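1. Sequence plus the predicted model coming up.
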Amino acid sequence: VQLVESWGGLVQPGGSLKLSCATSGFIFSNYVISWSRQVPGKERGLVAGSGSGGGITHYAESVKGRFTIYRDIGKNTVYIEMNGLKHEDTAVYYCNAWMVSMTGLKRYDYWGQGTQVTVSS
């Protein structure tokens, strides 16, 4: 199983950035895929999630209206488009894929290595 994040970088406040998470090794449509972020000294927090199948999305209050998560099923890739970026969006962004077995007894949970997003003038 692999999740590889890409396209992080430096952007000015108010700017835009799109991150990608290329996945392999599991059935993409069966998994919830989410983006989380972490800054040094703080816990990792959920930013946005895409339900299995991609029909349902969820966003943290701090990014609603600015970030959009979506899937490209043909490429087994999840993207997050980030607009109106603020200094406080600076973090390492991680892609996460998880599902719970039909019995509910086993959880499958995979993470990427993270990509740095820095919002600075």
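-> Great, that's in hand. Numbering: from 1, shown residues only.
2. For the residue positioned nearest the centre of the chain, give me its contacts.
-> Note on the chain: the residue nearest the mean C-alpha position is Trp35, at 2.0 Å, using C-alpha atoms, centre = their mean. By C-beta atoms under 8 Å, 6 or more residues apart in numbering, the residues touching Trp35 are 19, 21, 46-49, 69, 78, 80, 93-96. C-beta here means a position set from N, CA and C on the backbone, and glycine is covered the same way.
3. Apart from its neighbours in sequence, what residue is nearest Asn76?
-> Phe28 (4.4 Å; C-beta to C-beta, 6 or more residues apart in numbering).
4. how near is Lys86 to Leu105?
-> Noted for Lys86: a distance of 41 Å to Leu105, by C-beta to C-beta, to the nearest Å.
5. And those two? Which one has more around it.
-> Using other C-beta atoms under 10 Å, the more surrounded residue of Lys86 and Leu105 is Lys86, with 14 against 7.
6. re earlier: could the contacts of Trp35 be laid out in a markdown table, adding neighbour count?
-> Output for the contacts of Trp35, formatted as a markdown table (neighbours: other C-beta atoms under 10 Å):
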| residue | neighbour count |
| --- | --- |
| Leu19 | 23 |
| Cys21 | 26 |
| Leu46 | 14 |
| Val47 | 23 |
| Ala48 | 23 |
| Gly49 | 19 |
| Ile69 | 23 |
| Val78 | 29 |
| Ile80 | 26 |
| Tyr93 | 24 |
| Tyr94 | 21 |
| Cys95 | 26 |
| Asn96 | 20 |
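7. Closest one of the residues you listed to Val4?
-> Cys21 (7.0 Å; C-beta to C-beta).
8. I'd assumed that closest one was in a strand, is it?
-> Yes: the assignment for Cys21 is a strand, going by DSSP: H, G, I helix; E, B strand; the rest coil.
9. I figured it hits Gln113, correct?
-> No: using C-beta atoms under 8 Å, Cys21 is not in contact with Gln113; the gap is 10.6 Å.
10. Give the residues shared as contacts by the two.
-> Val4, Glu5.
11. shouldn't Ser120 be in contact with Thr90?
-> Yes: Ser120 is within contact range of Thr90, at 7.2 Å (criterion: C-beta under 8 Å).
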